[in-house]
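Asker: let's see this in three dimensions:
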Amino acid sequence: MKRMKDVRQFDSMAALRALVIIALPAIGNAGCIGAYVLMAAWALGGPMRAVEALCLSAVVSLANPALFPAPDSVALLRWLVLFAAFGTALFSKRPQPWLWPPVLKAGVAFVAIIAMETLISSYAKDVSLSKLIIFLIGLTAAVLNVQLAKEEDQERLIRWMLTFGSVFVLASFPLLFTAVGFFANNHGFQGLLNQPQAYGVFLGPFTAWMIVRVYTSRSRGLLWCVVTTLCLVSLVATEARTGMLAVLIALPFAAIVGRISSEGHAFRSIIAAFFLIGGGAFVMGYAYDAVMPAIQSLAFKLNNADTFSGALMESRGLVIDKSMPNFYAHPIFGIGFGLPSSPWDLDVTRFMGIPIANPVEKGVIVLSVLEELGVVGFLGFALLVVVVVYRPLIWRSEQAVAITFAALATNAGEATLFSPGGVGMIVWIWIACGSCAPLRVEVQPHLSYRSAALNGSGSR
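Answerer: Below you'll find the predicted structure:
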């Protein structure tokens, strides 16, 4: 197998496009509107361009308000890009014979279950159906465009994901030394995004992927070592336990897969990195009294609690207190997809009478699914998750496992899977990158499954 040369892993023109789009909203409303119009037009140019537009739209819609004040029309503008990418996914030319991605089929089945439940139990049916339609459109746009982009040129997709992630991390890092980087709460680093938690979710899968690529020598050179280091530093600075936990969950699974696939160097290197990071923090914490309180605060947020369970209740207790009674009262079908725990908290933005925005923060996705969808919906969700993780595992690709497991694990603390209008779109793109294979692998199983994922190599 032939690996890509390092010089081809960074696309300078793609980096320039990304920087221009990210910077345009700083001009004001006109710049923000112009950025979205450009992204929507770019998304119509084919699946690969649609993937690029979706990635950029996700970060622009969550831009740091200290640098990029968002116009009131931002909710409508981001849907413009999403619908353009959706149209590209549906009408782009497909290879023949065509097989629909299993992840998309499982997602559609899940949506069908939710639609049935919504008609039965939702206390705000129009809001639930609206969010469900947006979820289906976002899921289809992400998964199908990634699948088609892999069919066209898998190496170009790899270059884009490497370039986009690197550019965003490099552009965000200088803000670590300014108040703008901590604008949301004065202690968690948010980079160019509006919340430290959002930046943690962004960094989790990308950091896990970069660690695997660097330690397996698929990304070699000073640039990628610097990017990986900055990812780790930025991730810790966010104080977003969700992102850090995602990396720590993904790496051991990737190491095990690397071992099973007979790449001993992958196993040894990744597991060594895992213990080096975790063990180093542990030793440094106990070696220096000044460091330990900071690590404890970061890991458990022990400002007002002195145990892990106490810290959990401190940060998520209110959400749990609201969600569980709703699940007990509606155990079969839940209270309705995408709805807050109480009808009094329902805050809907409408356009021509159609719900277009309804911010809901549930935190832990398992509790969110149980509360909103009940046992029936939870079973459908479990099936979707199984389909997502099964495919990278059978391919025995440590990179696909790393990004897929990390993307899913970010939902342990931030329920983003059902929010494709924001950082949830990035999560779904990562999932699609890890769980979709080029058609040649699907119809010819004797070919190497490992070349199906984002390995930086493939059969030629």
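
Asker: which SS class is Pro355?
Answerer: Three-state call for Pro355 (DSSP: H, G, I helix; E, B strand; the rest coil): strand.

Asker: that one contacts Leu346, correct?
Answerer: No: Pro355 is beyond contact range of Leu346, at 9.9 Å (criterion: C-beta atoms under 8 Å). (Each C-beta comes from the backbone N, C-alpha and C, glycine too.)

Asker: those two: which has the busier surroundings?
Answerer: Pro355 (19 against 14; other C-beta atoms under 10 Å).

Asker: how about the more buried one, nearest residue that isn't a chain neighbour?
Answerer: Ser130 (4.2 Å; C-beta to C-beta, 6 or more residues apart in numbering).

Asker: do the same with Ala106
Answerer: Setting aside the residues directly before and after it, Ala106 is nearest to Val387 in space (C-beta to C-beta, 6+ apart), at 4.1 Å.

Asker: in a strand, the one you found, correct?
Answerer: No: Val387: not assigned to a strand; according to three-state DSSP it is helix.

Asker: need the contact list for it.
Answerer: By C-beta atoms under 8 Å, 6 or more residues apart in numbering, the contact set of Val387 is Pro102, Val103, Ala106, Ser435.

Asker: which of those has the largest number of neighbours?
Answerer: Ser435 (29 neighbours).

Asker: can you pull the contacts of the closest residue to Ile335 other than its chain neighbours?
Answerer: Closest residue in space to Ile335, ignoring its immediate chain neighbours: Asn326 at 5.2 Å, by C-beta to C-beta, 6+ apart. By C-beta under 8 Å, 6+ apart, Asn326 lies in contact with Gly334, Ile335, Ser341, Glu371.

Asker: same deal with Phe135?
Answerer: For Phe135, the contacting residues are Val111, Gly338, Phe418, Pro420, by C-beta under 8 Å, 6+ apart.

Asker: hmm, try it at 6 Å
Answerer: With contact set as C-beta atoms under 6 Å, 6 or more residues apart in numbering, Phe135 has these partners: Phe418.

Asker: cool, and Thr207?
Answerer: Thr207 neighbours (C-beta under 6 Å, 6+ apart): Cys231, Leu235, Val247.

Asker: quick one, strands of this structure?
Answerer: Using DSSP state E, the strands of the chain run over 2-3, 349-351, 354-357, 457-458.

Asker: look up how far Val385 lies from the residue nearest to Ile335.
Answerer: 22 Å (C-beta to C-beta, to the nearest Å).

Asker: swap in Phe86?
Answerer: Phe86 is 23 Å from Val385, by C-beta to C-beta.

Asker: higher neighbour count, the two?
Answerer: Neighbours per residue (other C-beta under 10 Å) separate Phe86 from Val385, with Phe86 holding more: 23 against 16.

Asker: what count of nearby residues applies to the closest residue to that one other than its chain neighbours?
Answerer: Using C-beta to C-beta, 6+ apart and skipping residues adjacent in sequence, the residue nearest Phe86 is Ala141, 4.4 Å away. By the criterion of other C-beta under 10 Å, Ala141 has 31 neighbours.

Asker: and Ala141, what pLDDT?
Answerer: What the model reports as pLDDT for Ala141 is 96.

Asker: wait, isn't it in contact with Gly87?
Answerer: No: in this structure, Ala141 is not within contact of Gly87 by C-beta atoms under 6 Å, at 8.8 Å.

Asker: residue contacts, Val257?
Answerer: Arg396, Glu398, Val401.

Asker: so which of these sit within helices?
Answerer: Glu398, Val401 (DSSP state H).

Asker: tabulate the contacts of Val257 (JSON lines), appending neighbour count.
Answerer: JSON lines is the format used below for these (neighbours: other C-beta atoms under 10 Å):
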{"residue": "Arg396", "neighbour count": "20"}
{"residue": "Glu398", "neighbour count": "32"}
{"residue": "Val401", "neighbour count": "27"}
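
Asker: which one of the contacts of Val257 is nearest Gln197?
Answerer: Val401 (24.2 Å; C-beta to C-beta).

Asker: surely the closest one and Pro252 touch.
Answerer: No: if you go by C-beta under 6 Å, Val401 and Pro252 don't touch, sitting 9.9 Å apart.

Asker: rewinding a little: and the contacts of Thr207, which are buried?
Answerer: Buried members of these, scored by 16 or more other C-beta atoms under 10 Å, are Cys231, Leu235, Val247.

Asker: chain center to the lengthiest helix in the chain, what's the gap?
Answerer: Secondary structure of the chain per DSSP H: the longest helix is helix 125-172. How far helix 125-172 lies from its chain's middle: 9 Å, per C-alpha atoms, centre = their mean, to the nearest Å.

Asker: likewise for stretch 199-212?
Answerer: Chain-centre distance of stretch 199-212: 9 Å, with C-alpha atoms, centre = their mean.

Asker: got it, and stretch 93-108?
Answerer: Distance, centroid of stretch 93-108 to centroid of chain: 21 Å (C-alpha atoms, centre = their mean).

Asker: check which residues of it are buried.
Answerer: Within stretch 93-108, the residues that count as buried by 16+ other C-beta under 10 Å are Pro101, Pro102, Val103, Leu104, Ala106, Gly107.

Asker: how about those residues in a markdown table, adding pLDDT and distance to Val169?
Answerer: As requested, those are exported to a markdown table (pLDDT from 0 to 100; distance: C-beta to C-beta, whole Å):
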| residue | pLDDT | distance to Val169 |
| --- | --- | --- |
| Pro101 | 89 | 28 |
| Pro102 | 91 | 31 |
| Val103 | 93 | 27 |
| Leu104 | 94 | 29 |
| Ala106 | 94 | 31 |
| Gly107 | 94 | 29 |
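
Asker: out of those, which are inside helices?
Answerer: Those of those lying in helices (DSSP H): Pro102, Val103, Leu104, Ala106, Gly107.

Asker: residues near the nearest residue to the third one once chain neighbours are set aside, how many?
Answerer: Spatially, and ignoring its direct neighbours in sequence, Leu104 is nearest to Val143 (4.6 Å; C-beta to C-beta, 6+ apart). Neighbourhood size, Val143 [other C-beta under 10 Å]: 25.

Asker: residue ranges for the helices of the stretch 1-150 of the chain, please.
Answerer: Counting by DSSP state H, counting those that start in this stretch, the stretch 1-150 of the chain has helices at residues 12-23, 29-43, 47-61, 74-91, 102-121, 125-172.

Asker: contacts for the fourth one?
Answerer: By C-beta under 6 Å, 6+ apart, the surrounding residues in contact with helix 74-91 are 36, 39-40, 43-44, 50, 53-54, 57, 61, 137, 140-141, 144-145, 356-357, 421.
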